[in-house]
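In: Predicted model, plus sequence, below.
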Amino acid sequence: MNLASIPSPSTGVIELGPIPLRGYAFCIIIGVFVAVWFGNKRWVARGGKAGTVADIAVWAVPFGLVGGRLYHVITDYQLYFSEGQNWVDAFKIWEGGLGIWGAVAFGAVGAWIGCRRRGIPLPAWADALAPGLAIAQAIGRWGNWFNQELYGKPTDLPWALEISEGPNRVAGTYHPTFLYESLWCIGVALLVIWADRRFRLGHGRAFALYVAAYCAGRGWIEYMRVDEAHHVLGLRLNVWTAIIVFVLAVTYIVISAKLRPGREEIVEPDRDAEPAKTADADSADADSAEKQDGAEDAPGSDSTGSDLLKKEPAPEAADKS
C-alpha cells in the first residue's frame, strides 16, 4: 500500500449550471492562450508587430486541432470503428485524444496560409512560437490527468498516480506519464529559450530544436505507457514516429545552419511604410523636374544660345583681318 501518491480527480467535468466545463478542453484552451501570448512577446522582441502571432494562430489552431484528432482516430481506429464501438465517438474531442504529430503537421499548414497572407516567413514565426508550444503541451497534458488516461506501468513509487476503476482501465497506482511529459516539455521550452539566446537561432532552427528535444523525451515516455497501441517491430507506433521526426529535425538543423547561417534581420516587412516612401520619391522627382525646367527657362541658361555666342567672332578680330 502506498503511503503517498497522486490522486486522480473523481470527474473530469465541472457543471456550471447548464454548461459543462471539461478539464481536458480547459487545459487545451489555456495552453493555446499561453503559447500565443508568449509567442507574441518573442515575435515583438525580434522586430515583428504585436498581434501578428495571434492573427496567424487563427489559422494554425483550427488546423492543428483537426490534424491532432485525425492522427489519433487513424492510429487508434479500433476505439471507434471496431465491433461494439460507436463511430460517432470519433468526433467527441472533449473526451480526449489528440495526436501531437498530426497537430503540429496540420497546424504548420494553417500557419503557412496565415504567413503567406501577412507576407512573413513561416520559419521565423515558428521560431518565435517554439518555446510557447512546448509550454502549451506541458499544460495540455494535465487534461489527461482529468480523464485518467495515458498512464504508465504499475508502480509503488511515492509519486504514483491513483487510477480508479472505469471503462478500459483497472484500479491501481501507475507511473504518471502525463506528469513526466509535462515536466519534460517545460525543460524543452527552457532549452529552446537558452539556445536561441546563446546561438541566435534563425530560419526555423529554434523550432527544429523544440521538435528534436520533444521527440527525445517522447520516445522513452511512450515506451512506459500501457494503453493499447499499434506496434511495429516490437515498438509502439509513436516511438517510431518520434525516432523518424527526431532524425528529420536534427538533419534540418545541420543543413539549415550551413545554407542559411545566422538569424533573419527583418521578420515582418513594414508594408504600411512602402506607399509613403513611394509618394515621397515621386514628390522628389517632381521637384527635381520643376527645378530643371526653371533652370532651362532662365536667361543665359540655354545651352544652344551659349554655343552660338561663343562661335560669333569678336569685333576686334574682324578689324584686324
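Out: Sure, I can see it.

In: Show me which residues of the helix or strand harbouring W43 are buried.
Out: Secondary structure from DSSP states H and E places W43 in helix 23-45. By neighbour count with 16 or more other C-beta atoms under 10 Å, helix 23-45 contains the buried residues 23-28, 31-32, 34-36, 38-40, 42-44. From N, CA and C alone the C-beta is placed, and that goes for glycine too.

In: Contacts made by that helix with the rest, please.
Out: Residues from elsewhere that reach helix 23-45 (C-beta atoms under 8 Å, 6 or more residues apart in numbering): 9, 12-14, 49-54, 57, 61, 93-96, 98, 125, 127-129, 131-133, 135-147, 267-268.

In: what do you get if the cut-off is 7 Å, keeping everything else the same?
Out: 9, 12, 50, 52-54, 57, 61, 94, 96, 128-129, 131-133, 135-137, 139-140, 142-143, 146-147 (C-beta atoms under 7 Å, 6 or more residues apart in numbering).

In: Give me the distance between that helix and the centre of its chain.
Out: On the basis of C-alpha atoms, centre = their mean, to the nearest Å, helix 23-45 sits 11 Å off its chain's mean C-alpha point.

In: same question for that helix, mean pLDDT?
Out: Helix 23-45 shows a mean pLDDT of 94.

In: so after that helix, what's the next helix or strand?
Out: Note on helix 23-45: by DSSP H and E, the next helix or strand toward the C-terminus is helix 52-75.

In: chain center to that next one, what's the gap?
Out: 11 Å.

In: what's it packed up against?
Out: helix 23-45, helix 100-118, helix 122-140 (3 or more C-beta pairs under 7 Å, 6 or more residues apart in numbering; DSSP states H and E).

In: Please export the C-alpha coordinates of the first one as PDB.
Out: Taking only C-alpha atoms (Å, rounded to 0.1, in the frame of the first residue of the first chain), the coordinates of helix 23-45 have been written out as PDB:
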ATOM      1  CA  GLY A  23     -11.000  19.700 -17.700                       C
ATOM      2  CA  TYR A  24      -9.400  18.300 -20.900                       C
ATOM      3  CA  ALA A  25     -10.800  21.100 -23.000                       C
ATOM      4  CA  PHE A  26      -9.900  23.700 -20.300                       C
ATOM      5  CA  CYS A  27      -6.200  22.600 -20.400                       C
ATOM      6  CA  ILE A  28      -6.000  22.800 -24.100                       C
ATOM      7  CA  ILE A  29      -7.600  26.300 -24.200                       C
ATOM      8  CA  ILE A  30      -5.200  27.600 -21.500                       C
ATOM      9  CA  GLY A  31      -2.200  26.100 -23.400                       C
ATOM     10  CA  VAL A  32      -3.200  27.800 -26.600                       C
ATOM     11  CA  PHE A  33      -3.600  31.200 -24.900                       C
ATOM     12  CA  VAL A  34      -0.200  30.900 -23.200                       C
ATOM     13  CA  ALA A  35       1.500  29.800 -26.500                       C
ATOM     14  CA  VAL A  36       0.100  32.800 -28.300                       C
ATOM     15  CA  TRP A  37       0.900  35.300 -25.500                       C
ATOM     16  CA  PHE A  38       4.500  34.100 -25.100                       C
ATOM     17  CA  GLY A  39       5.000  33.800 -28.900                       C
ATOM     18  CA  ASN A  40       3.800  37.400 -29.300                       C
ATOM     19  CA  LYS A  41       6.400  38.600 -26.800                       C
ATOM     20  CA  ARG A  42       9.200  36.800 -28.700                       C
ATOM     21  CA  TRP A  43       7.900  38.000 -32.100                       C
ATOM     22  CA  VAL A  44       7.900  41.600 -31.000                       C
ATOM     23  CA  ALA A  45      11.400  41.200 -29.500                       C
END
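
In: quick one, that helix and helix 122-140 angle?
Out: Between helix 23-45 and helix 122-140, the angle comes out at 150 degrees (axes from the mean of the first three to the mean of the last three C-alpha atoms, to 10 degrees).

In: cool, the second one as well?
Out: With the same axes, to 10 degrees defining the directions, helix 100-118 sits at 140 degrees from helix 122-140.
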